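# Okay, structure incoming, though there's no sequence with it:
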Ligand SMILES: [Zn+2]
């Protein structure tokens with residue numbers, strides 16, 4: 001057999017467990033998986049003895065916002081960051097200017113991604129214009145799913161969120177009915193808008209504009225109540241829902257109650273909730289302003305438990321690049337700075353650090369980072385695992401070294417906003433990232449090109465409800 005690339009002697013993370021194998025890649029796909037390479041001829045041979053070979057991570061919650069605000073980041077800069085982090089597919093959220101809520105905007109953003117992306121990308125659509133034809137148009141173009149915010153747009157950013165925010169329940173009801181017709185997954189940012197506006201108003205009345213005030217404006221019940229409202233409303237509709245960025249125990253408890261009675265709802269959490277708490281706000285300041293806010297150590301423990309028992313099925317970044325100037329506005333007034341932090345370069349490192357430390361198995365890590373998301377959004381078995389005929393989206397991970405995060409090694413345009421992780425040391429390193437059979441990142445350098453990433457479209461028939 002002739003292959004383009006042969007990766008020899010790696011510890012390969014198959015779905016059945018980790019095995020020492022040789023992996024052959026031909027025409028961008030995995031063509032051989034064998035205990036030896038007898039009879040295989042390769043254009044290029046990579047010796048990966050002592051290294052892990054993992055499916056590339058699939059970040060199902062990602063923002064670059066192109067073409068809006070290129071100073072924050074674009075498909076090129078932020079997918080280079082993804083490649084450096086071992087993330088081989090990103091599912092980009094619809095927040096942009098204009099917001100991705102029509103077929104025309106969807107086509108424009110898809111063309112941008114196809115031109116600029118270094119890793120594969122899917123695109124969510126926003127259904128909030130409540131226009132069945134536009135929704136159908138986005139589905140026909142290959143929308144990976146939909147996204148709804150139960151909150152109003154952040155202050156001063158209405159244009160980026162037009163068609164995305166449904167704080168009024170009757171409109172939310174209509175949107176859920178429309179997305180239910182598509183068979184695709186709808187991710188929801190669940191926070192109760194009236195409650196958080198009330199809490200915020202109380203804090204402002206008390207002259208609070210310091211960093212911790214932001215967390216106090218969105219206590220756990222703000223998130224839990226929104227999830228309960230959403231899932232109760234959806235009982236008679238049956239849209240396929242996915243709760244974005246679950247931040248703590250109360251929200252998780254509500255999700256579990258609905259899952260126990262058979263609701264079609266999956267949920268994710270993010271590394272910033274798993275590795276940090278509200279105590280880090282003092283150290284990081286406004287750079288750690290995220291929605292929902294980071295919570296307590298007890299919440300963090302509950303999230304890890306949720307990941308291990310399957311009530312949370314994915315770890316996603318919510319990677320959100322902004323400029324230093326935008327984040328520094330909070331020194332004067334926390335309410336004036338946009339929520340979000342970068343994190344795509346630390347996703348795989350953080351989770352593999354925990355796997356190598358024994359908190360979870362390598363296989364569980366791979367499921368949470370790649371396989372479960374691929375199954376949930378209908379892109380498995382094309383992506384999300386290592387198997388014959390799957391796309392060769394792979395990471396060679398060196399477990400025998402460590403990585404200490406510093407801004408000079410980061411590729412995100414928002415590297416100077418990446419204060420949460422600065423100085424942290426993780427077990428292991430992303431040595432090589434391969435996208436569709438081509439190496440795009442190698443030992444600290446981007447070696448791929450804009451356009452190496454492919455547009456990822458879902459197969460609605462294979463969207464999984466088992467999680
Ligand atoms: Zn987000």
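Yep, that arrived. For clarity, every value in this text was computed on a predicted model and none was experimentally measured. Numbers count the residues shown, from 1 in each chain.
# Quick check: buried residues in stretch 198-210?
Judged by neighbour count using 16 or more other CB atoms under 10 Å, the buried positions of stretch 198-210 are 199-200, 203, 208-210. Glycine gets a C-beta too; all of them are placed from N, C-alpha and C.
# cool, and stretch 60-73?
For stretch 60-73, the neighbour count (16+ other CB under 10 Å) marks 60-69, 72-73 as buried.
# Residue 137 falls within a helix, correct?
Yes. Under DSSP: H, G, I helix; E, B strand; the rest coil, residue 137 falls within a helix.
# pLDDT value on it, please?
With respect to pLDDT, residue 137 scores 98.
# So what's the predicted local confidence for the residue lying closest to it once chain neighbours are set aside?
Closest residue to residue 137 apart from its sequence neighbours, by CB to CB, 6 or more residues apart in numbering: residue 103 at 2.9 Å. pLDDT recorded at residue 103 is 98.
# roughly how far out does the one helix or strand residue 31 maps to sit from the chain middle?
Assigned by DSSP states H and E, residue 31 falls within strand 29-34. Chain-centre distance of strand 29-34: 27 Å, with CA atoms, centre = their mean, to the nearest Å.
# Check whether residue 112 really touches residue 70, as I assumed.
No. Using CB atoms under 8 Å, residue 112 makes no contact with residue 70, being 10.8 Å away.
# Could I get the contacting residues of residue 37?
6, 8, 22, 24 (CB atoms under 8 Å, 6 or more residues apart in numbering).
# Spell out the secondary structure type for it.
Following three-state DSSP, residue 37 is assigned to coil.
# hey, where'd the helices end up in the stretch 101-250 of the chain?
Taking DSSP state H, counting those that start in this stretch, the helices of the stretch 101-250 of the chain run over residues 103-116, 132-141, 169-180, 193-205, 211-216, 220-234, 249-260.
# Just send the ones you listed back as TSV, with distance to residue 364 too.
TSV is the format used below for the helices of the stretch 101-250 of the chain (distance: least, CB to CB, whole Å):
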stretch	distance to residue 364
helix 103-116	30
helix 132-141	32
helix 169-180	30
helix 193-205	33
helix 211-216	30
helix 220-234	24
helix 249-260	18
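# Relative to residue 457, which of these is closest?
Among the helices of the stretch 101-250 of the chain, the nearest to residue 457 by CB to CB is helix 132-141 (8.2 Å).
# and the worst-scoring helix or strand of the chain on mean pLDDT, what does it pack onto?
Of all helical and strand segments in the chain, the minimum by mean pLDDT, DSSP states H and E falls on helix 281-284, at a mean of 91. On a contact count with 3 or more CB pairs under 8 Å, 6 or more residues apart in numbering; DSSP states H and E, helix 281-284 meets helix 211-216.
# Please identify the buried residues of the helix it packs on?
211, 213-215.
# one step back: dump the contacts of residue 37 to a markdown table, plus neighbour count, distance to residue 391 and secondary structure.
Converted to a markdown table, the contacts of residue 37 look like this (neighbours: other CB atoms under 10 Å; distance: CB to CB, whole Å; DSSP: H, G, I helix; E, B strand; the rest coil):
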| residue | neighbour count | distance to residue 391 | secondary structure |
| --- | --- | --- | --- |
| 6 | 22 | 17 | strand |
| 8 | 18 | 20 | strand |
| 22 | 23 | 18 | strand |
| 24 | 25 | 14 | strand |
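# rewinding a little: which is the next helix or strand following the strand holding residue 31?
Per DSSP H and E, the first helix or strand lying C-terminal to strand 29-34 is strand 41-47.
# so can I have TSV of the buried residues of helix 211-216 showing distance to residue 385 and pLDDT?
Below are the buried residues of helix 211-216 laid out as TSV (distance: CB to CB, whole Å; pLDDT from 0 to 100):
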residue	distance to residue 385	pLDDT
211	41	91
213	44	95
214	39	95
215	38	96
